[in-house]
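Student: below is the structure, and that's it, no one-letter string:
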Ligand code: FES
């Protein structure tokens, strides 16, 4: 017995040491994945995207992953490494930029894998992917960036709805690889519409109670209150899926939480995102040497694109994707997004929604 205890203690110490080392490596300035690309605007971008952080990827495999979901394998040269939770900014043939979580294996250095569901009444990005990206198609991409990193924890609860499984799946794989206890609740409209079911069932293995699959047409909605109430104390909860699912988890957590920490990733705006009165102001673009006027009824992003930098990148224009984040050199910002952390807000803003609180702003553009 004492021998067994020694083994267990030694194993735990090894795990902690490994994680500490991993964290140190990530914090090192040599780590090749900064949280955010350098601002790419203000320097001009050519079609090949040279010097802009844009790289060319080729669709080398296209698979029907589930009803209405295609999985694409995108190959390229010298692809930056990524970690679970990272996403790629794909520049679609129309020029629209959309974010897709990487759902393949980070250990595959020559290709990224994404999956996307066709949204019939969406803004058109998923339709472009489904209709225009075929094997052999060359597409431009920026990133990967990671706004949803998997933090160290002694236990994980993963909650995914529909296509929200894409950032969660690599997290589950990593938890499994590292021997950290995890459980997954994965819901969808029907089993046929739920991507990656076969792999998830395999991951569940013998301990099938680690995975709860809830197909709405057979089982109704997942009992989130019961899931959270049964979570190990101080576990990390990672949730991605439709807005109502994430709002429900956020609402339930305070009542059931025993030190649970919640991490979410949104690909749609928060329903009650902050808004405020608009007043006109000016923005100086320090590197460009121009000053633009931002009228009360337009955004900083629109004003800059219209008056100075037509190629300035953006995507959602609703403050949830992070594509338009820019560095503030001076001025007081009225932050109107739910995405940036306090540390990021100290010196940057999302120019599609945020404005000057008073006076003007000077941006590093
Ligand atoms: S364009 Fe998406 S956050 Fe601004």
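Tutor: Done, it's in. Just so you know, these numbers come straight off a predicted model, no measurement behind them.
Student: can you give me the helices in the stretch 201-350 of the chain?
Tutor: 216-219, 224-229, 243-256, 300-307, 342-345 (DSSP state H, counting those that start in this stretch).
Student: most packed of these?
Tutor: Comparing these on average neighbours per residue, with mean count of other Cβ atoms under 10 Å, the densest one is helix 300-307 at a mean of 19. In this view, the C-beta of every residue, glycine as well, is placed from N, C-alpha and C.
Student: tell me which strands and helices it is in contact with?
Tutor: Secondary-structure packing of helix 300-307 (3 or more Cβ pairs under 8 Å, 6 or more residues apart in numbering; DSSP states H and E): strand 281-285, strand 290-294.
Student: winner for burial among the ones you listed?
Tutor: Each of the helices and strands packed on helix 300-307 was given a mean neighbour count from mean count of other Cβ under 10 Å, and the largest, a mean of 20, is that of strand 281-285.
Student: could you give the mean pLDDT of that one?
Tutor: Strand 281-285 shows an average pLDDT of 95 in the prediction.
Student: packing partners of that strand?
Tutor: If you count contacts as 3+ Cβ pairs under 8 Å, 6+ apart, strand 281-285 packs onto strand 290-294, helix 300-307, strand 355-363.
Student: surely residue 132 and residue 92 touch.
Tutor: Yes: with contact defined as Cβ atoms under 8 Å, residue 132 counts as touching residue 92 (7.5 Å).
Student: more neighbours, the two?
Tutor: In terms of neighbours (other Cβ atoms under 10 Å), residue 92 is the more surrounded of residue 132 and residue 92; the figures are 19 against 13.
Student: can you count the residues close to the closest residue in space to the more buried one that isn't next to it in sequence?
Tutor: What sits nearest to residue 92 in space, not counting adjacent residues and going by Cβ to Cβ, 6 or more residues apart in numbering, is residue 128, at 4.5 Å. By other Cβ under 10 Å, the residues close to residue 128 number 18.
Student: show the backbone phi and psi for residue 128.
Tutor: Recorded main-chain torsions at residue 128 are phi -60, psi -40, according to degrees, to the nearest 10.
Student: rebuild the helices of the stretch 201-350 of the chain as CSV, extending it with distance to the ligand.
Tutor: Supplementary listing: the helices of the stretch 201-350 of the chain in CSV, determined by distance: least, Cβ to the nearest ligand atom, whole Å:
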stretch, distance to the ligand
helix 216-219, 30
helix 224-229, 28
helix 243-256, 16
helix 300-307, 7
helix 342-345, 12
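Student: the domain parsing of this structure - what is it?
Tutor: Under the assignment automatic domain parsing, the domains of the chain span 1-31, 54-146, 156-265, 281-363.
Student: lowest mean pLDDT across the ones you listed, which one is that?
Tutor: In terms of mean pLDDT, the lowest-scoring of those is domain 1-31 (a mean of 43).
Student: list the contacts of the nearest residue to residue 358 once chain neighbours are set aside.
Tutor: Counting by Cβ to Cβ, 6+ apart, residue 332 is the residue found nearest to residue 358 once chain neighbours are left out, at 5.8 Å. Listed by Cβ atoms under 8 Å, 6 or more residues apart in numbering, the contact partners of residue 332 are 356-359.
Student: pull the most distant pair out of the residues you listed.
Tutor: Of all pairs drawn from these, the one with the largest separation by Cβ to Cβ is 357 and 359; the distance is 8.0 Å.
Student: more neighbours: the two, which one.
Tutor: The residue with more neighbours, out of residue 357 and residue 359, is residue 357; 14 against 10, by other Cβ under 10 Å.
Student: so what's the backbone phi/psi at residue 72?
Tutor: The main-chain torsion angles of residue 72 are listed as degrees, to the nearest 10 and equal phi -120, psi 140.
Student: what lies in contact with stretch 350-361?
Tutor: Outside stretch 350-361, the residues within contact range by Cβ under 8 Å, 6+ apart are 273, 276, 278-279, 281-284, 294, 299-301, 304, 314, 316-319, 322, 324-326, 328, 330-337, 339-340, 349, 363.
Student: make it 7 Å
Tutor: For stretch 350-361, the surrounding residues in contact (Cβ atoms under 7 Å, 6 or more residues apart in numbering) are 278, 281-284, 299-301, 304, 314, 317-319, 322, 324-326, 328, 331-337, 339-340.
Student: quickly find the element holding residue 65.
Tutor: Take DSSP states H and E as the rule and residue 65 turns out to sit in strand 54-66.
Student: quick revisit: for residue 252, find the nearest of the helices and strands packed on strand 281-285.
Tutor: strand 355-363 (33.4 Å).
Student: still on that earlier bit, now that we have the contacts of stretch 350-361, which of them are buried?
Tutor: 281, 283-284, 299-301, 304, 314, 317, 319, 322, 324-326, 328, 331, 333-337, 339-340 (16 or more other Cβ atoms under 10 Å).
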